[in-house]
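Chemist: Here is the input, now give the coordinates:
(one chain, ligands or ions: 1)
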Amino acid sequence: MTVIVFGSINVDVNVRSRVLPRPGETVHGESYAIGLGGKGANQAVAAAKLGAKTRFVGRVGADAFGGFAIEALERFGVPTADIAVDPGAMTGIATIGVDAEGRNSITVVGGANMSFTEADGDAVGRSLGAGDVLLLQLEIPVPAILAAAAAGRARGARIVLDPAPAPGAGVAASLVAAADILTPNELETAALVGLEPTDEASAAEAGKRLIALGAKVAIVKLGARGCMVVGEDESVFIPAFKVATIDTVAAGDCFNGGLAAALSFGAGLARAGRFAAATAALSTTKIGAADAAPSLAEVEALTETPRIPMHVGNR
Ligand code: ADP
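Modeler: As a prediction, the model looks like this:
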């Protein structure tokens, strides 16, 4: 089974300064770093690093950042045959300012990510086979996402949707119903069902509401507390793994990459959720987004479980 990620590619420009500039102000910064980002790219890297057979459908502009992103994906082992270069658009970027207290201020320019159409989504969905895992986020246009989900589902693929960044109320219902597995964090859950989960009980209630809206399974992510997996018949709470956390950037992305990888290896839902939680926890022990994704050996060591059987011969 293949993990197909259809989503965004950004180049993250991270700048550190003692204070963030106010409108009209120029400040001296201390350092900067440029790295691969975008939720689609991060999740594709996480799945590929875990050894899942991964395809990534994305788009960059015909500019230097586009070349940088493609090279970075290749370095992380993500096949780039399905990355298109759009001559009429700029590569997506995120400029991320961080001050001495760790507070940030971020501007994202979607660029080439925003040129995907409903027809593009339909073509992605049609390319899937039964049992494939289609991994979606909300950094490309919603019509493309809904078309990919519908065509993929019709071919027997499983649709995993990370509703991030939080969707507007106008499209929330159609997105929830398009997902076999929906993976919102606290704020996204609040945007979707009007209830911000703070503990196991409220996460279970929010998950039930998401299922009532049409999701088959809801995995409500609760940051350092863990996550609540809510299915039609049963629910299971997965506490977060205790690790030496230094940076939670992209924990959610590694969670989804890990979840999709485990499902593609043939794991059941509870086991895949645990594998995802371990992938996410390990990512918080390293700085960065794609750079922080762990290896299969690291995840297996943390979960202390034998290899998921489907993995053999799966690459
Ligand atoms: P997002 O990044 O989408 O906001 P969360 O912050 O809820 O997502 O984190 C996703 C998952 O990552 C959590 O459900 C948990 O399993 C894991 N996680 C997050 N923070 C930590 C942490 N400090 N220690 C261990 N695991 C964590």
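Chemist: give me phi/psi at Gly266?
Modeler: Torsion angles at Gly266 (phi, psi; degrees, to the nearest 10) stand at phi 100, psi 10.
Chemist: Could you verify my assumption that it touches Val133?
Modeler: No: using CB atoms under 8 Å, Gly266 is not in contact with Val133; the gap is 10.8 Å. Glycine gets a C-beta too; all of them are placed from N, C-alpha and C.
Chemist: Quick check: neighbours shared by these two?
Modeler: Shared contacts of Gly266 and Val133, defined by CB atoms under 8 Å, 6 or more residues apart in numbering, are found at Met1.
Chemist: of these two, who's got more company?
Modeler: Neighbour count, other CB atoms under 10 Å: between Gly266 and Val133, Val133 has more, with 28 against 15.
Chemist: and this protein, which of its residues are near the ligand?
Modeler: Taking CB under 6 Å from any ligand atom, the part of the chain that reaches the ligand is made up of 164, 185, 221-224, 226-227, 240-241, 243, 245, 248, 251-252, 255, 277, 280-281, 284.
Chemist: what separates Ala224 from Asn42, distance-wise?
Modeler: According to CB to CB, to the nearest Å, Ala224 and Asn42 sit 19 Å apart.
Chemist: What about the residues of the chain next to the ligand, which are in helices?
Modeler: With helices identified by DSSP state H, the entries of the residues of the chain next to the ligand that belong to them are Ala251, Gly252, Phe255, Ala277, Ala280, Ala281.
Chemist: in stretch 1-19, what's buried?
Modeler: Judged by neighbour count using 16 or more other CB atoms under 10 Å, the buried positions of stretch 1-19 are 1-17.
Chemist: taking the residues you listed one by one, which sit in strands?
Modeler: Using DSSP state E to define strands, the subset of the buried residues of stretch 1-19 located there is Val3, Ile4, Val5, Phe6, Asn10, Val11, Asp12, Val13, Asn14, Val15, Arg16, Ser17.
Chemist: How far does the helix or strand hosting Ile211 sit from its chain's centre?
Modeler: Using DSSP states H and E, Ile211 sits within helix 200-212. In this view, helix 200-212 has its centroid 21 Å away from the chain centroid, taken as CA atoms, centre = their mean, to the nearest Å.
Chemist: go on, stretch 77-97?
Modeler: Its chain's average C-alpha position is 16 Å from that of stretch 77-97, according to CA atoms, centre = their mean.
Chemist: Figure out the length between the terminal residues of that stretch.
Modeler: Taking CA to CA, to the nearest Å, the span from the opening residue of stretch 77-97 to its closing residue is 29 Å.
Chemist: circling back to that earlier point, settle it for me: which of Ala224 and Asn42 has more neighbours?
Modeler: Each of Ala224 and Asn42 had its neighbours counted (other CB under 10 Å), and the higher figure belongs to Asn42 (33 against 13).
Chemist: How about the more buried one: what's its closest non-neighbour residue?
Modeler: Asp253 (3.7 Å; CB to CB, 6 or more residues apart in numbering).
Chemist: What separation is there between Val124 and Gly152?
Modeler: For Val124, the distance to Gly152 (CB to CB) stands at 7 Å.
Chemist: And for Ala262?
Modeler: Relative to Gly152, Ala262 is positioned 19 Å away (CB to CB).
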